[in-house]
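Asks: have a look at this prediction, sequence included:
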Amino acid sequence: MKPFLPREKMSKREKRALDTTKRTTWEGINPITRTTENKRTYNRKKSPRWYNDDSTGIFVYA
């Protein structure tokens, strides 16, 4: 068992070895912050309403 040494008293090589053992990877997590789109703004890319219509409107039979 190694005796406890404060980080300030460690050598540069020991500090570097300690840092590499504590360092982790993102492992499939994308670190980019995601934001939700503003519902009030106009979006050209959004499909028009008639495209998503389920045909339950008023019908005229002739």
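Replies: Good, I have the coordinates.
Asks: Thr21: what secondary structure?
Replies: helix (DSSP: H, G, I helix; E, B strand; the rest coil).
Asks: which SS class is Ile29?
Replies: When classified by three-state DSSP, Ile29 comes out as coil.
Asks: next one: Leu18
Replies: Reduced to three states by three-state DSSP, Leu18 is helix.
Asks: show me what contacts it?
Replies: Leu18 sits next to Arg7, Met10 when contact means CB atoms under 8 Å, 6 or more residues apart in numbering. Backbone N, C-alpha and C define where each C-beta goes, glycine included.
Asks: mind listing the helices for the chain?
Replies: For the chain, the helices defined by DSSP state H occupy 12-22.
Asks: low-confidence stretches in it?
Replies: 47-62 (pLDDT under 70).
Asks: switch the cut-off to 50
Replies: Within the chain, no range satisfies pLDDT under 50.
Asks: what's the neighbour count on Lys22?
Replies: Neighbours of Lys22 under the rule other CB atoms under 10 Å: 6.
Asks: let me redo that: Glu8
Replies: Neighbours around Glu8, by other CB under 10 Å: 6.
Asks: what do you get for the one 4 residues further on?
Replies: In terms of burial, Lys12 registers 7 neighbours under the definition other CB under 10 Å.
Asks: same question, the one 4 residues further on
Replies: The number of residues packed around Arg16, counting by other CB under 10 Å, is 10.
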